[in-house]
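# sharing a model prediction with you, sequence too.
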Amino acid sequence: MPQSTSRAKVRRERGSSVRQTLPKVPTGITGFDDVTGGGLPRGRPTLVAGGPGCGKTLFALEFLMRGAVEFDEPGVFVTFEETPQDLELNVRSLGYDLARLVKNKRIAIEYVRVERAEIEETGEYDLEALFIRLNDALRSVKGKRIVLDTIESLFGGLADDGILRAELRRLFGWLREREITAVITGEKGDNTLTRQGLEEYVSDCVIALDHRVIDQISTRRLRVVKYRGSSHGTNEYPFLIDRDGIAVLPVTSLQLQHTASDDHVSTGLPWLDRMFDDRGYLQGSSVLLSGSAGTGKTSIGGHFLEAACRSGLRALCFTFEESPAQYSRNMAPIGINVSRWVKKGLLRIHAARPTLYGLEAHLATMHRDIDQFKPAVVVVDPLSSFRGGTVGEIHSTLIRLVDYLKTRQITAVFMHLIPGTGAAAGMDKDIEVGVSSLMDTWILLRNTPGGGDRELVIVKSRGMPHAADEQRFRITSHGLATDEPLGALPSATRIRTD
Amino acid sequence: MSNKAASGHRRPKEWILRLYIAGHSARAAAALRNLESICDEHLSGRYEIEVIDLLKHPQLARGDQIVAVPTLVRRLPQPIKRIIGDLSNAERVLVGLDLRPRARVARVGA
């Protein structure tokens, strides 16, 4: 990540090519710098527009705080609505100590309040006093960044629109001249990006934020409306607001250039490893494990996680229908001590209800967890918890998740519950058909026809040989076991699928 | 910090006015001239004007929440009032200073 391009380097780049993209400054906002190819245009104003509660102020604050803390770019927050006390409370929940940053002169807060009821206007005026205040605040912290949140409030406070518009134009020019990287927030209008048409003054970069609630599922989206001289996806990017601030989810196209690995990861079960050419799952591959209720899916997942922890790898388990405590209890009867690995910091159990967030945000949460924990293996249990969308939407969400894991060479096992009968069965079937094609390996579990035992069959395993026959197994207090001694098991027959 | 144009002596003034400007522009000069003539006519002997040049004292803009120049602030009597512009319309200045009721202006304007 190019943290900051030096002035000299910028000049050189300018000289080297006719059509030059704007130099950029990183915001530090998770994912945003990726989707914009480096952040916001350096030394220029960016408009961040959206409705109430869409996250504009938070975006602006994060840009400023991370600038001061992570990129050695102090800044000024000009607040026209919230008091400095409100702002401090807002960011405290994100773990930032705004008061300390202010005290250490890394950030200055300038509270500008214009109350029309208190103001009479007579004759000519300009906003030079505002310029003087901004200049003074910038100087006090040697500011390189500024936020104006939201300058539209001036329209409510001052009657003369003509003067105000001329002065805004002058203000943006003034910021550009000083090469201050600015974020200007604007409230969404009825049919316009901003109520006062601020987009007219900001020509370099415009970002729109959106917050929708559909079927009681809340979805936040970020759209790069305009970014001069920079290629940007026209996609909308889902984003998330959580305790760490904003996380933008890059919508990656299915990248096919994943580095193929020849390494393997143990399934945690010697007899299952044996079925995979005596080696286990291919590292970085995605495994689908389908079966009806009670066929041992979760147990196979548990063995896989434990084996990773035993060899010192980090393992992350997304369990959507059970709490971590419940999950732990369920693993105990088959001899897997979940809390031991959790305590060691090798295992993390993430329990979340996807329906609270919607698919996109759900995916974003998972990405964030993966980024933070950096696991080598992941279990998603069960896949059928991805709801709240059409089959197509669910499918595309899963493509992105699989893609994301692959690019990081994370071996992932997805549990898929095959429902008996009922209304949901049809849709789940559709999802299964779609998902299985994404997966490198597909394992099917079922109860043996006679009852009592279960059996497992490898439907496919891309890029490696696997056993062709089904294998019976039982669920014991030592885990999933086969009756035959390991040596007696048929080795993987040389079958290649795909 | 500023030049104080006062009329009368000793007795504390009932009217404390501050005129914020940014450098000695023609507009700032006009505002001060307009203000003095209004005060002389309506507040003779009872006022004090403090002129603050924000170019010299930028930090003073924050306290009185000044964004525009010129801005006239009535510090006393309470409550604080703000009038922005070159004060060229005496009637509106008088309304802004609460020396004329709003209704009267409406009639004058009609």
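Here it is on my side, so go on. Residues are numbered from 1 along each chain as shown, chains lettered A, B, ... in the order given.
# elements contacting the helix or strand hosting residue A:350?
Secondary structure assignment for residue A:350, by DSSP states H and E: strand A:347-351. Judged by 3 or more Cβ pairs under 8 Å, 6 or more residues apart in numbering or on different chains; DSSP states H and E, strand A:347-351 is in contact with strand A:315-319, helix A:324-331, helix A:338-343, helix A:359-373. C-beta here means a position set from N, CA and C on the backbone, and glycine is covered the same way.
# redo that, cut-off 6 Å
Applying 3 or more Cβ pairs under 6 Å, 6 or more residues apart in numbering or on different chains; DSSP states H and E, one finds that strand A:347-351 makes contact with strand A:315-319, helix A:324-331.
# contact partners of that strand?
For strand A:347-351, contacts defined as Cβ atoms under 6 Å, 6 or more residues apart in numbering or on different chains pick out A:309, A:315, A:316, A:317, A:318, A:319, A:323, A:324, A:327, A:341, A:369, A:373.
# could you dump the helices and strands packed on strand A:347-351 into JSON lines and include mean neighbour count, mean pLDDT and distance to chain B?
Conversion of the helices and strands packed on strand A:347-351 to JSON lines gives the following (neighbours: other Cβ atoms under 10 Å in any protein chain shown; pLDDT from 0 to 100; distance: least, Cβ to the nearest Cβ, whole Å):
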{"stretch": "strand A:315-319", "mean neighbour count": "25", "mean pLDDT": "94", "distance to chain B": "49"}
{"stretch": "helix A:324-331", "mean neighbour count": "16", "mean pLDDT": "90", "distance to chain B": "50"}
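# residue A:149 is nearest to which of the ones you listed?
The stretch from the helices and strands packed on strand A:347-351 with the least distance to residue A:149 (Cβ to Cβ) is strand A:315-319; that distance is 35.9 Å.
# got the residues of chain B near chain A?
Neighbours of chain A within chain B, by Cβ under 6 Å from any Cβ of the partner chain: B:22, B:27, B:54, B:58, B:61, B:65-69, B:82-89, B:92-93, B:96.
# run through the residues that contact residue A:24.
Shown in contact with residue A:24 (Cβ under 6 Å, 6+ apart): A:38, A:39, A:42.
# any residues of chain A in contact with chain B? List them.
Residues of chain A that fall close to chain B, judged by Cβ under 6 Å from any Cβ: A:113-114, A:118-125, A:127-130, A:132-133, A:136.
# select only the buried ones of those residues in PyMOL?
One line in PyMOL is enough to select the buried ones among the residues of chain A next to chain B; burial here means 16 or more other Cβ atoms under 10 Å in any protein chain shown:
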select buried, chain A and resi 114+118+119+120+121+122+123+124+125+127+128+129+130+132+133+136
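# which secondary structure element is home to residue A:169?
For residue A:169, the secondary-structure element it belongs to, assigned by DSSP H and E, is helix A:161-177.
# no no, residue A:183
Going by DSSP H and E, residue A:183 is in strand A:181-187.
# for that strand, which strands pair with it and how are they oriented?
Sheet pairing of strand A:181-187 (DSSP bridges) gives strand A:45-50 (parallel), strand A:145-149 (parallel).
# same list (those strands) but as JSON lines, adding mean neighbour count.
Putting these into JSON lines (neighbours: other Cβ atoms under 10 Å in any protein chain shown) gives the following:
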{"stretch": "strand A:45-50", "mean neighbour count": "26"}
{"stretch": "strand A:145-149", "mean neighbour count": "27"}
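# adding distance to residue A:406, write those strands out as a markdown table.
Converted to a markdown table, the strands paired with strand A:181-187 look like this (distance: least, Cβ to Cβ, whole Å):
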| stretch | distance to residue A:406 |
| --- | --- |
| strand A:45-50 | 33 |
| strand A:145-149 | 36 |
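# turn the ones you listed into CSV, columns for distance to residue A:275 and mean pLDDT.
Compiled in CSV, these are given as follows (distance: least, Cβ to Cβ, whole Å; pLDDT from 0 to 100):
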stretch, distance to residue A:275, mean pLDDT
strand A:45-50, 52, 95
strand A:145-149, 57, 97
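# do you know which of those lies nearest residue B:102?
Minimum separation from residue B:102 across these (Cβ to Cβ) falls at strand A:145-149, 33.0 Å.
# distance from the chain centre to the closest one, please.
A distance of 25 Å separates the centroid of the chain from that of strand A:145-149, by Cα atoms, centre = their mean, to the nearest Å.
# so it versus helix A:161-177, what angle?
160 degrees (axes from the mean of the first three to the mean of the last three Cα atoms, to 10 degrees).
# what's in contact with the helix or strand just after strand A:145-149?
Sequence order places helix A:153-157 as the next helix or strand after strand A:145-149, per DSSP H and E. Judged by Cβ under 6 Å, 6+ apart, the contacts made with helix A:153-157 from elsewhere in the structure are A:80, A:81, A:114, A:116, A:164, A:196.
# show me what residue A:350 bridges to in the sheet.
Bridge pairing for residue A:350 - DSSP bridges - gives residue A:318.
# count of residues packed around it?
Number of residues near residue A:350 (other Cβ atoms under 10 Å in any protein chain shown) recorded here: 17.
# for chain A, what's the nearest residue on chain B?
In chain B, no residue comes nearer to chain A than residue B:96, which is 3.2 Å away by Cβ to the nearest Cβ.
# in contact with that residue, which residues?
A:120, B:81, B:83.
# just put the helices and strands packed on strand A:347-351 in JSON lines and tack on distance to residue A:100.
Compiled in JSON lines, these are given as follows (distance: least, Cβ to Cβ, whole Å):
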{"stretch": "strand A:315-319", "distance to residue A:100": "33"}
{"stretch": "helix A:324-331", "distance to residue A:100": "34"}
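# just to revisit the earlier point, make a ChimeraX selection of whichever of the residues of chain B next to chain A turn out to be buried.
Paste this into ChimeraX to select the buried members of these, with burial taken from 16+ other Cβ under 10 Å:
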select /B:22,27,54,58,61,65,66,67,68,69,82,83,84,85,86,87,89,92,93,96
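# how about the most centrally placed residue in chain B, nearest residue that isn't a chain neighbour?
Closest to where the C-alpha atoms of chain B average out (Cα atoms, centre = their mean) is residue B:72, at 3.7 Å. With Cβ to Cβ, 6 or more residues apart in numbering or on different chains as the criterion, residue B:72 has its nearest non-adjacent residue at 4.4 Å, and that residue is residue B:83.
# export whatever helix or strand the residue nearest to the centre of chain B lives in as PDB, just CAs?
Take DSSP H and E as the rule and residue B:72 turns out to sit in strand B:71-76. Only the C-alpha atoms of strand B:71-76 are listed here, as PDB (Å, rounded to 0.1, in the frame of the first residue of the first chain):
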ATOM      1  CA  THR B  71     -20.600  41.100  11.100                       C
ATOM      2  CA  LEU B  72     -21.900  43.300  13.800                       C
ATOM      3  CA  VAL B  73     -22.500  41.700  17.200                       C
ATOM      4  CA  ARG B  74     -24.600  43.300  19.800                       C
ATOM      5  CA  ARG B  75     -22.900  42.100  23.000                       C
ATOM      6  CA  LEU B  76     -25.100  44.300  25.300                       C
END
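# and the next element down the chain from that strand?
Sequence-wise, the next helix or strand beyond strand B:71-76 is strand B:81-84, with elements assigned using DSSP H and E.
# strands paired with that next one, and their directions?
The pairing partners recorded for strand B:81-84 under DSSP bridges are strand A:119-121 (parallel), strand B:71-76 (antiparallel).
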